[in-house]
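Colleague: Make a model of this:
(3 chains)
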Amino acid sequence: MAGQSTSVLLLVLDLSGIFVFAISGALVGVRKHLDVFGVLVLAGTTGLGGGFLRDVLIDATPPAALVDWRYLLVPVAAGVVTFVFHPTVGRAERVVIVLDAAGLGLFCVTGALKALDHGLGPVPAALMGMVTGIGGGIARDLLAGRVPVILSSELYATPALVGALWAVLAEGAHQPVAVVAIPGVVLCFGLRILALWRGWQAPLPSGSASV
Amino acid sequence: MAGQSTSVLLLVLDLSGIFVFAISGALVGVRKHLDVFGVLVLAGTTGLGGGFLRDVLIDATPPAALVDWRYLLVPVAAGVVTFVFHPTVGRAERVVIVLDAAGLGLFCVTGALKALDHGLGPVPAALMGMVTGIGGGIARDLLAGRVPVILSSELYATPALVGALWAVLAEGAHQPVAVVAIPGVVLCFGLRILALWRGWQAPLPSGSASV
Amino acid sequence: MAGQSTSVLLLVLDLSGIFVFAISGALVGVRKHLDVFGVLVLAGTTGLGGGFLRDVLIDATPPAALVDWRYLLVPVAAGVVTFVFHPTVGRAERVVIVLDAAGLGLFCVTGALKALDHGLGPVPAALMGMVTGIGGGIARDLLAGRVPVILSSELYATPALVGALWAVLAEGAHQPVAVVAIPGVVLCFGLRILALWRGWQAPLPSGSASV
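Modeller: You can find the predicted model right below:
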């Protein structure tokens, strides 16, 4: 990847992903009647957890969030906004779900590109994109004592893998960054929303149909 | 940080934190009627988990506990002592809570100073102090199938952040190590105990008051 | 460690461990009626989680699974096979338990040897062998919302530690790799199976006998 505009676009996508994931984490905290600091811990964990996991695995430590103050400011801001305005932010359950899908789309792309940048091959890089996308939500759900959404919901990890694969392939074909990033985000987000809306499910194990 | 006495003081604080956290973990294991090895696993996880998490994030791997045998001996000793003498050690629920507060105070300071030492800025270093303090307890509670204490209890992460901030600021002002460390530990411990004693709570989300 | 045949043997043991652990993870997923992708996520986490944890702690990142495609292919294959043939694979609960014991034996040895290779001392290396063995199962159980088997079952972490200690001692005595690896695997597997079969338990805390 080269160029100033590329890294600016990726930074904006990354911070946006952190913001929407942090809101989804903060809303879980608000619903559990946690105090403001508990809400901030859940916001931070959800927004930064997937990226931390990726950075630790690809040896990009310390993670960006510990070096660049914007990465810390964004989840704090999202947490405070959610805490104060939660009756508006969280009126509908579906707001959280749509934000979550948006965060998934943003993170699967930026995660995959960062992994490529650190020398991983295409398949592991796509997998790291998926991990970046699902890691924050897993941490949020484990802390909140819920069954992780990746295991209990309609297609979740798959859209992230698809979006990450798009980004890896387009990057491998030396496409401009907009072609690498935007369709990847849209693909993941769209698949996830469609799966929710239509109740799509991946194949279940035989014998589960009647459950 | 400079000087032999500085590193000796920090080592003693760090090992003391591991010891008291390991006792709190071992007591959870004893109460769940785990066998002696399960008790040791919980003791080790609680005592070392926060430091492992910090060391992995700030790229200080392998963690001290895998290089210096004293870091392994301490949680094993704490686990064995707790296993044998648990009717004495654990008579009162509040013993665990006070030990936990003491561990929190010790770790938030040593964690923040270690992060500074590895080149992090003041705010991320304070955050790493908090993570060091809360990480072991989170791991203990996840393993034991409990809602993590940081989410369910009175002020928990906040005292750790306050103590860590003190350490970071005093270190930045080139104070002697005793001035850096001791008030930080006392501040965090005192705030946590006061919050428990007085039932202090941080602000709750609007609409939660009646719950 | 030296020689082509050594590294081939260790690779085969490591991939075998991943395969059997991944099957045990996939069976948990099938029993929870997860879809095919959820089953694959559990298979991958169980198969690779312990090794990821070890590699992150001993600073061997990126983990082998992100560099060598065979490490990714194996859990995917195990997951697909389990998903399709689960009525055969999972007929008896004990199949999962025996596979799990086999994975434990394989991982405790390969994990300890890899840690030695990265310069850890004998005791921490044995501990890393244990962590490699128990890490995948812990991740599987946390994701699946179960109490981790290491805490709820007959001797679990101990056989892994014994097998890892054997490997570390034999390697320190410059034994050939077959003498290092095979008795270590057998020792751990045998102890675990014997503990299950005979209902062996490590000492319980005093006062627990009547529970």
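Colleague: Can you pull the residues of chain A lying near chain B?
Modeller: Residues of chain A found near chain B (C-beta under 8 Å from any C-beta of the partner chain) are A:29-30, A:32-39, A:41-42, A:52, A:56, A:61-63, A:65-67, A:69, A:72, A:83, A:86-87, A:142-145. Using the backbone N, CA and C atoms, a C-beta is placed for each residue, glycine as well.
Colleague: Just give the nearest non-adjacent residue to residue A:150, would you?
Modeller: residue A:156 (4.7 Å; C-beta to C-beta, 6 or more residues apart in numbering or on different chains).
Colleague: The one you found: neighbouring residues, count only.
Modeller: The number of residues packed near residue A:156 is 28, by other C-beta atoms under 10 Å in any protein chain shown.
Colleague: right, quick check: stretch A:125-144 against chain C, any contact?
Modeller: Yes. Stretch A:125-144 reaches chain C (C-beta under 8 Å from any C-beta) through A:127, A:128, A:134, A:138, A:142.
Colleague: Surely residue A:16 and residue A:106 touch.
Modeller: Yes. The criterion here is C-beta atoms under 8 Å, and residue A:16 meets it with residue A:106 at 5.5 Å.
Colleague: More neighbours: these two, which one.
Modeller: The neighbour comparison of residue A:16 against residue A:106 (other C-beta under 10 Å) goes to residue A:106, with 29 against 18.
Colleague: residue contacts, the more buried one?
Modeller: If you count contacts by C-beta atoms under 8 Å, 6 or more residues apart in numbering or on different chains, residue A:106 has them with A:13, A:14, A:16, A:17, A:20, A:185.
Colleague: Could you measure from residue A:167 over to residue A:160?
Modeller: As defined by C-beta to C-beta, to the nearest Å, residue A:167 lies at a distance of 11 Å from residue A:160.
Colleague: Let me fix that, I meant to ask about residue A:8.
Modeller: From residue A:8 across to residue A:160, the span is 24 Å (C-beta to C-beta).
Colleague: quick one: which of these two has more around it?
Modeller: residue A:160 (31 against 11).
Colleague: can you tell me the helix or strand for the more buried one?
Modeller: Under the criterion of DSSP states H and E, residue A:160 resides in helix A:157-172.
Colleague: Next, the buried residues of that helix.
Modeller: The neighbour-count check on helix A:157-172 (16 or more other C-beta atoms under 10 Å in any protein chain shown) flags A:157-168, A:170-171 as buried.
Colleague: same deal with stretch A:117-137?
Modeller: Across stretch A:117-137, burial judged by 16+ other C-beta under 10 Å covers A:118, A:120-122, A:124-137.
Colleague: what's the helix or strand bottoming out on mean pLDDT in chain A packed up against?
Modeller: Lowest by mean pLDDT, DSSP states H and E among the helices and strands of chain A is helix A:149-152, with a mean of 76. Here helix A:149-152 touches helix A:122-143, helix C:36-57, going by 3 or more C-beta pairs under 8 Å, 6 or more residues apart in numbering or on different chains; DSSP states H and E.
Colleague: Give me the contact list for the helix or strand that the last one is followed by.
Modeller: Just to be clear, that refers to helix C:36-57. Sequence order places helix C:69-89 as the next helix or strand after helix C:36-57, per DSSP H and E. Identification of contacts with helix C:69-89 by C-beta under 8 Å, 6+ apart yields A:121, A:123-124, A:127, A:203, A:205-207, C:15, C:18-20, C:22-23, C:25-27, C:29-30, C:36, C:39-40, C:42-44, C:46-48, C:63-65, C:90, C:95.
Colleague: Skip ahead from helix C:69-89 and say which helix or strand is next.
Modeller: Of the helices and strands lying after helix C:69-89 in sequence (DSSP H and E), the nearest is helix C:93-117.
Colleague: Check which residues of that next one are buried.
Modeller: Neighbour-count burial for helix C:93-117 flags C:96-116 (criterion: 16+ other C-beta under 10 Å).
Colleague: Run the chain-centre distance for the longest helix along chain A.
Modeller: Under DSSP state H, the helix in chain A containing the largest number of residues is helix A:4-31. In terms of C-alpha atoms, centre = their mean, to the nearest Å, the centre of helix A:4-31 is set 8 Å apart from its chain centre.
Colleague: for stretch A:186-199, same thing?
Modeller: The answer for stretch A:186-199 is 14 Å, by C-alpha atoms, centre = their mean.
Colleague: list the buried ones in that stretch?
Modeller: A:187, A:188, A:189, A:190, A:191, A:192, A:193, A:195, A:196.
Colleague: I figured the third one hits residue A:108, correct?
Modeller: No. Counting by C-beta under 8 Å, residue A:189 sits too far from residue A:108 to count as a contact (9.5 Å).
Colleague: Overlap in contacts, those two.
Modeller: In contact with both residue A:189 and residue A:108: A:159, A:163, using C-beta under 8 Å, 6+ apart.
Colleague: Residues contacting stretch A:125-134, please?
Modeller: By C-beta under 8 Å, 6+ apart, the surrounding residues in contact with stretch A:125-134 are A:50-51, A:53-54, A:57-58, A:103-105, A:107-116, A:120, A:150, A:156-157, A:160-161, A:163-165, A:167-168, A:188, C:41, C:66, C:72.
Colleague: From residue A:174, how far out is the closest residue to residue A:14 other than its chain neighbours?
Modeller: With sequence-adjacent residues excluded and distances taken as C-beta to C-beta, 6+ apart, residue A:14 is closest to residue A:110, at 4.6 Å. Using C-beta to C-beta, one gets 18 Å for the distance from residue A:110 to residue A:174.
Colleague: Ok, residue A:68 next?
Modeller: 28 Å.
Colleague: and if you look at residue A:207?
Modeller: Where residue A:174 is concerned, residue A:207 sits at a distance of 47 Å (C-beta to C-beta).
Colleague: if you count what's nearby, which of these two comes out ahead?
Modeller: residue A:207 (11 against 8).
Colleague: what's near enough to touch the more buried one?
Modeller: Residues counted as contacts of residue A:207 (C-beta under 8 Å, 6+ apart) are residue C:87.
Colleague: host element of it?
Modeller: Residue A:207 belongs to no helix or strand, assigned by DSSP H and E.
Colleague: What of residue A:203?
Modeller: Short version, using DSSP H and E: residue A:203 is in no helix or strand.
Colleague: Skipping adjacent residues, who's closest to residue A:97 in space?
Modeller: residue A:196 is the one closest to residue A:97 (C-beta to C-beta, 6+ apart), at 6.5 Å.
Colleague: Could you list the low-pLDDT ranges of chain A?
Modeller: Low-confidence segments of chain A, defined by pLDDT under 70: A:1-4, A:89-93, A:153-154, A:208-211.
Colleague: Now do the contacts for the residue nearest to residue A:150.
Modeller: Neighbours of residue A:156 in contact, by C-beta under 8 Å, 6+ apart: A:104, A:134, A:149, A:150, A:192, C:37.
Colleague: just checking, what packs against the helix holding residue A:160?
Modeller: Applying 3+ C-beta pairs under 8 Å, 6+ apart, one finds that helix A:157-172 makes contact with helix A:93-117, helix A:122-143, helix A:177-198, helix C:36-57.
Colleague: State the distance from the residue nearest to residue A:14 to residue B:37.
Modeller: Distance from residue A:110 to residue B:37, by C-beta to C-beta: 42 Å.
Colleague: do the same with residue A:22
Modeller: In terms of C-beta to C-beta, residue A:22 sits 39 Å off from residue B:37.
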